[in-house]
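need a structure here:
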Amino acid sequence: MEQKRTFSRNFSASKTRSHSSARTAGGSSYGGGRGHTSGASRGGTGGTHSRGASFGTSSRFQSSRNTSRGGYNRPVHRTSGGGRRKGAHIDISRFINKTVITEEAVTFTPEYLFKDFLIQENLKQNILAKGYKEPTPIQDRVIPHILHGKDIVGIANTGTGKTAAFLIPLINKVLLNSNEKVIIVAPTRELAQQIDEELKGFVKGFRIFSVCVVGGAPIGRQISNLRYQHNFVIGTPGRIKDLIERKNLNLSRFKSVVLDEADRMLDMGFINDMKLLMSYMPTDRHTLFFSATLSPEIAALIKNFLKEPVMISVKTQDTSKNVEQDVVRIKPGEDKIDVLHNLLIQPEFKKVLVFGRTKHGVEKLAIALGKRGFKAQSIHGDKNQGQRQRALDIFKRGMAQILVATDVAARGLDITGVSHVINFDIPESYDDYVHRIGRTGRAGAKGKALTFVG
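Model prediction:
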């Protein structure tokens with residue numbers, strides 16, 4: 001489908017006038033003056049929950065990663081200056097952004113069309129068949145460099161087509177050389193599977209095959225799939241590491257590597273895993289990093305992995321202009337779940353992603369919402385991959401109004417029509433906040449993000 005652009009050629013906001021009333025912590029917000037609801041709603045009943053009940057409100061990030069699961073959550077130990085550290089304070093005013101456009105933004109005009117790229121004609125046909133007509137800014141600027149074999153660090157707002165930006169030129173590389181092998185590393189199972197699905201759409205009718213290797217799914221089936229012909233392996237760090245240790249995956253044959261959500265891949269929790277994976281690959285590899293955020297500390301690590309990389313940033317601001325942001329103030333003695341209930345019964349809250357901090361808190365909140373008559377699903381690290389995928393599919397198809405999730409759902413997931421993102425628990429860092437609220441307001445749509453503050 002035709003993608004509308006709101007980026008200027010130099011990706012500055014100088015020609016776009018908007019008013020952002022980022023109110024300070026003393027400003028008004030949602031939730032002020034709302035009463036408690038403990039009765040029936042939407043056909044369900046729910047008793048009053050005490051505020052002391054655990055709905056993911058613990059200040060500790062309790063999840064830890066099991067490498068065999070290839071999961072995302074792990075203890076947080078990061079440095080200052082943009083990295084994440086346990087208990088880091090985030091100024092509440094950063095959760096508020098009331099944007100009113102007073103003048104139409106300058107429309108982005110791509111330098112290339114997909115038909116202009118030096119790629120195979122059958123790939124061009126598949127791109128057009130998927131509804132792609134004009135490249136997004138990140139695709140326009142990155143694809144030519146990847147086609148020329150350059151290492152890349154690509155920074156772009158979430159929802160701007162980063163996945164296609166690296167898949168298209170890499171598929172072309174495989175079409176030119178059937179022995180080419182590519183490994184793509186993603187921080188979450190859901191994102192890895194999403195990349196795999198998008199790849200399948202681009203290579204329809206080609207004899208190009210992929211294997212998706214993630215935790216929480218049977219490893220035996222993945223080992224079996226690796227024995228068959230494949231050009232792409234897409235997976236999470238833990239499961240990839242398991243397969244290497246079992247000698248079922250030989251990275252010396254892979255000359256191209258993509259780290260999607262590279263800031264997460266290279267944070268203090270994953271840096272050793274990524275160094276290990278890279279050590280198994282040829283030194284003359286083609287390395288691509290993509291992310292929506294990149295702190296100075298992480299940027300300093302790039303020289304360890306890339307050779308003379310082309311740095312491309314088409315990021316216009318931390319958060320999308322399409323996402324209206326505000327806080328929901330919880331008054332002393334007020335029940336968070338009652339306030340959430342009162343929001344969710346409003347008609348505009350059609351498809352809502354609710355983020356909690358802990359696996360236990362997320363599951364408990366989803367159950368509590370179910371008892372109140374809401375159709376809610378949950379995703380967190382204690383669920384196996386089949387359970388997580390079913391919950392995600394139900395939410396995507398509109399069979400559930402609410403998906404309650406830990407940060408496993410914060411990165412890269414493309415879910416159509418999310419009307420609201422609600423941070424039931426404040427995220428550990430502002431980068432995590434940016435990724436969470438990036439699940440709404442995608443592809444030119446409008447969205448709203450609300451953050452509960454006490």
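
In stretch 202-218, which residues are buried?
202-203, 208, 210-217 (16 or more other CB atoms under 10 Å). Quick note: C-beta positions are derived from backbone N, CA and C, even for glycine.

Dig out what residue 404 forms beta bridges with.
Beta bridges link residue 404 to residue 354, residue 378, judged by DSSP bridges.

what's the neighbour count on it?
The number of residues packed near residue 404 is 34, by other CB atoms under 10 Å.

quick one: contacts for it?
Contacts for residue 404 were tallied using CB atoms under 8 Å, 6 or more residues apart in numbering; they are 354-356, 362-363, 365-366, 369, 376-379, 424.

can we see that at 7 Å?
Going by CB atoms under 7 Å, 6 or more residues apart in numbering, residue 404 touches 354, 356, 362, 365-366, 376, 378.

ranking the residues you listed by neighbours, who comes first?
residue 362 (31 neighbours).

Go ahead and measure how far the strand or helix carrying residue 421 is from the middle of the chain.
Assigned by DSSP states H and E, residue 421 belongs to strand 420-423. Distance of strand 420-423 from its chain centroid, counting by CA atoms, centre = their mean, to the nearest Å, is 14 Å.

returning to what we had before: pipe the buried residues of stretch 202-218 into TSV and attach pLDDT, secondary structure and distance to residue 418 per row.
As requested, the buried residues of stretch 202-218 are exported to TSV (pLDDT from 0 to 100; DSSP: H, G, I helix; E, B strand; the rest coil; distance: CB to CB, whole Å):
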residue	pLDDT	secondary structure	distance to residue 418
202	96	helix	24
203	97	coil	28
208	97	coil	31
210	98	strand	27
211	98	strand	29
212	97	strand	24
213	97	strand	28
214	94	coil	23
215	89	coil	25
216	83	coil	23
217	88	coil	25
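
quick revisit: which elements pack onto the strand holding residue 421?
Secondary-structure packing of strand 420-423 (3 or more CB pairs under 7 Å, 6 or more residues apart in numbering; DSSP states H and E): strand 352-355, helix 430-437, strand 447-453.

cutoff 10 Å now
strand 323-329, helix 336-344, strand 352-355, strand 402-405, helix 430-437, strand 447-453 (3 or more CB pairs under 10 Å, 6 or more residues apart in numbering; DSSP states H and E).

got a markdown table for the buried residues of stretch 202-218, with distance to residue 151 too?
Listed next are these as a markdown table, based on distance: CB to CB, whole Å:
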| residue | distance to residue 151 |
| --- | --- |
| 202 | 22 |
| 203 | 24 |
| 208 | 23 |
| 210 | 22 |
| 211 | 24 |
| 212 | 25 |
| 213 | 24 |
| 214 | 26 |
| 215 | 28 |
| 216 | 32 |
| 217 | 31 |
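
ok so, going back, tell me which of the helices and strands packed on strand 420-423 lies nearest to residue 252.
helix 430-437 (32.9 Å; CB to CB).

and the closest one, C-alpha only, in PDB?
Output of helix 430-437 as PDB, limited to C-alpha atoms (Å, rounded to 0.1, in the frame of the first residue of the first chain):
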ATOM      1  CA  TYR A 430      13.200   6.400  28.600                       C
ATOM      2  CA  ASP A 431      14.500   4.200  25.700                       C
ATOM      3  CA  ASP A 432      12.100   1.500  26.800                       C
ATOM      4  CA  TYR A 433       9.300   4.000  26.900                       C
ATOM      5  CA  VAL A 434      10.000   5.100  23.400                       C
ATOM      6  CA  HIS A 435       9.800   1.500  22.200                       C
ATOM      7  CA  ARG A 436       6.700   0.700  24.100                       C
ATOM      8  CA  ILE A 437       4.700   3.600  22.800                       C
END
